[in-house]
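# here's my sequence, what's the structure:
(one chain, ligands or ions: 1)
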Amino acid sequence: MARSVLVTGGNRGIGLAIARELAATGDAVAVTHRSGEPPEGLFGVRCDVTSQADVDAAFDKAEAEHGPVEVVIANAGITKDTLLAMMKEETFTDVIDTNLTGAYRVAKRAVRPMLRLKRGRIILISSVVGLLGSAGQANYAASKAGLVGFGRSLARELASRNITVNIIAPGFVESDMTAALTEEQQQLIRKQIPLGRQAHAAEIARVVRFVASDDASYITGAVIPVDGGLGMGH
Ligand code: NDP
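Got it, this is the predicted structure:
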């Protein structure tokens, strides 16, 4: 039977690529979308990850359609870049609330059915920036580093029930998020990447597909870089 999968922020960018990759390999995929319409051909549920009620309702709908969620990808994320000296407290806490507390809300709802099933995959989309730091992104980097400690703690809590928890750390990926950077900023980043280019979202999605698969049964608590070498050594 097809596995029930839920991807947050699956209406565009990396989340959509992950959803399409898993759907193409036979999973029954639900994507959450905060705004707009669900993507063509995928089961969409509206959800803002800053609301536990929204997250719970999204899981309820996904489960009614596809059964208990076995694979969850906490992908929804935002940036609100500015230097610390200019950063208002809400600019800091908004990013934490979506990227880190959002993942907490998703994992919290995901875990009970997985405990009953005695299997599951929780995959958190972090960033190379969480490990390297990034000037102008203290809020974002803190949220992404937080996912590492959060995910590794869950990995320890859930391992005995055959639930793995892994953290994917993409580098610089073609998406709306990076399109917002100036050409100059993009060039500067590309210079630091040994592979010399941005990733396609599909290159992140294929790694997620592997981590979600039975072939990754002995991987948990890992931080898996998919960054063209940008974060080597971290
Ligand atoms: P995009 O900006 O293209 O997409 C972000 C997605 O998150 C959208 O689907 C958006 O929904 C959703 N989202 C944002 N806030 C919320 C919220 N409060 N509730 C629900 N959904 C929300 O980003 P990417 O695809 O580039 O990024 C996806 C993930 O990958 C993020 O966690 C990002 O930090 C991470 N990442 C990205 C990298 C990159 O270079 N692009 C590098 C490393 C990590 P909506 O359409 O409604 O706004």
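# so which residues of this protein form strands?
For the chain, the strands defined by DSSP state E cover 4-7, 28-33, 43-46, 69-74, 120-125, 163-170, 223-226.
# in a markdown table: those strands, plus mean neighbour count.
In short, each C-beta sits where N, CA and C put it, glycine included. Shown next, in a markdown table, are the strands of the chain (neighbours: other CB atoms under 10 Å):
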| stretch | mean neighbour count |
| --- | --- |
| strand 4-7 | 28 |
| strand 28-33 | 26 |
| strand 43-46 | 20 |
| strand 69-74 | 26 |
| strand 120-125 | 25 |
| strand 163-170 | 25 |
| strand 223-226 | 20 |
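# distance to Asp54 and mean pLDDT added to those, as a markdown table?
Putting the strands of the chain into a markdown table (distance: least, CB to CB, whole Å; pLDDT from 0 to 100) gives the following:
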| stretch | distance to Asp54 | mean pLDDT |
| --- | --- | --- |
| strand 4-7 | 13 | 98 |
| strand 28-33 | 8 | 97 |
| strand 43-46 | 8 | 97 |
| strand 69-74 | 14 | 98 |
| strand 120-125 | 19 | 98 |
| strand 163-170 | 22 | 98 |
| strand 223-226 | 28 | 98 |
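# save those strands as JSON lines, and put in distance to Leu16 too.
Converted to JSON lines, these look like this (distance: least, CB to CB, whole Å):
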{"stretch": "strand 4-7", "distance to Leu16": "8"}
{"stretch": "strand 28-33", "distance to Leu16": "7"}
{"stretch": "strand 43-46", "distance to Leu16": "11"}
{"stretch": "strand 69-74", "distance to Leu16": "11"}
{"stretch": "strand 120-125", "distance to Leu16": "13"}
{"stretch": "strand 163-170", "distance to Leu16": "14"}
{"stretch": "strand 223-226", "distance to Leu16": "16"}
